[in-house]
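Student: Here's a sequence, model it:
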Amino acid sequence: VSIPDYAFTPFGRGNTSISSDIDNYNNFAKNYCEANGITFVNITDITREGLTNTALVASDNLHPSTLAYTKFVGRILPFALEKIQN
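Tutor: Numbering: from 1, shown residues only. Next comes the predicted model:
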């Protein structure tokens, strides 16, 4: 699972350096997973809506909200079910 981008929170204030570092790590993780037959699920794009959709950010102005986690699960669950069934 990719790393959420906390730059898109009131705490992160749209800091592009944070997003760039997260992109670098997520690219590394995705490439590693692909090379080793591991499913990689991107949820970072969900968190990058946090400044425009504040319901995705928890009341601490940093972490993903319940809504964001619900969206994460919606994205991850089909892959998990597939793995369980096989």
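Student: correct me, but Gly12 touches Ile18?
Tutor: Yes. At 5.6 Å, Gly12 counts as touching Ile18 under the criterion of C-beta atoms under 8 Å. (Glycine included, C-beta is placed from N, CA and C.)
Student: Quick check: neighbours shared by those two?
Tutor: Contact criterion C-beta atoms under 8 Å, 6 or more residues apart in numbering; residues bridging Gly12 and Ile18 by contacting each: Asp5, Tyr6.
Student: Among those two, which residue is more densely surrounded?
Tutor: Taking neighbours as other C-beta atoms under 10 Å, Gly12 and Ile18 compare with Gly12 leading, 20 against 17.
Student: Nearest residue to the more buried one in space, ignoring adjacent ones along the chain?
Tutor: Once flanking residues are discounted, Gly12 sits nearest to Tyr6: 4.6 Å by C-beta to C-beta, 6 or more residues apart in numbering.
Student: Quick check: that neighbour touching Ser19?
Tutor: No. Judged on C-beta under 8 Å, Tyr6 makes no contact with Ser19 at a distance of 9.3 Å.
Student: So these two - more neighbours on which side?
Tutor: Shown here are Tyr6 and Ser19; by other C-beta under 10 Å, Tyr6 has more neighbours (20 against 17).
Student: Next, find the distance separating the more buried one from Thr39.
Tutor: Counting by C-beta to C-beta, to the nearest Å, the gap from Tyr6 to Thr39 is 24 Å.
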